[in-house]
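Asks: I would like the atomic coordinates for the input below:
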Amino acid sequence: MTDRDTAFADYFAARSDAMRRTAYLLCGDWHRAEDLVQVMFTKLYLAWKRITRHEALDAYARQTLVRTFLSERRLGWFRKESVTHDLADTAVTGAGPEDRMVLLAALRQVPPGQRAVLVLRYWEDMSVEETAKALNCSTGTVKSQAARGLQTLRDLLAVHSTPAFDRKRTSR
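Replies: Numbering: from 1, shown residues only. Sure, this is the predicted structure:
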């Protein structure tokens, strides 16, 4: 095993679970998430020797993951999203299991481009500028897609109102 392969294997071991959770939030299906992550890591490995800024690997990997997801959607490889009752590996803070299920189901109904912005901005905690760079779009597009995505989530959550979400909306 070369030093390049060892460095890549170490990065894969350290980041694959986090990337898989991000991919799940994008597509809403654990099997598809694994496929997306596999494609992303394959692309990353092919570019590994050209990557000189290893401190920016996470950003590059997330960008590749989101672009792979969006490209799959545009090409029509996966026409209809399947509904799954699996839950993400991490919890929504302050919400019970029923709130988490409702939130994840609502997120799956947000259009893919808006969902990508929401996941990068609020799950990955990226700035507007970082999100724009990852999606290869303007900061204005990120802001408008985030606003539309959040409004879509609010509308969907209003339909499936639960006590914890009601408390959060009225306490602001």
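Asks: biggest helix in the protein, by residue count?
Replies: helix 3-27 (DSSP state H).
Asks: Just want the angle from the helix or strand that it is followed by to helix 3-27.
Replies: Using DSSP states H and E, the helix or strand that directly follows helix 3-27 along the chain is helix 30-47. Here helix 30-47 runs at 150 degrees with respect to helix 3-27, directions being taken by axes from the mean of the first three to the mean of the last three Cα atoms, to 10 degrees.
Asks: Check which residues of the helix or strand following helix 30-47 are buried.
Replies: Next helix or strand after helix 30-47 toward the C-terminus (DSSP H and E): helix 57-75. Judged by neighbour count using 16 or more other Cβ atoms under 10 Å, the buried positions of helix 57-75 are 57-70, 72-73. C-beta coordinates here come from the backbone N, C-alpha and C atoms, glycine included.
Asks: just checking, what packs against helix 57-75?
Replies: helix 3-27, helix 30-47, helix 112-118, helix 128-135 (3 or more Cβ pairs under 8 Å, 6 or more residues apart in numbering; DSSP states H and E).
Asks: can I get those helices in CSV with mean pLDDT, mean neighbour count and distance to Thr141?
Replies: CSV is the format used below for those (pLDDT from 0 to 100; neighbours: other Cβ atoms under 10 Å; distance: least, Cβ to Cβ, whole Å):
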stretch, mean pLDDT, mean neighbour count, distance to Thr141
helix 3-27, 92, 17, 17
helix 30-47, 93, 17, 22
helix 112-118, 93, 23, 8
helix 128-135, 91, 19, 7
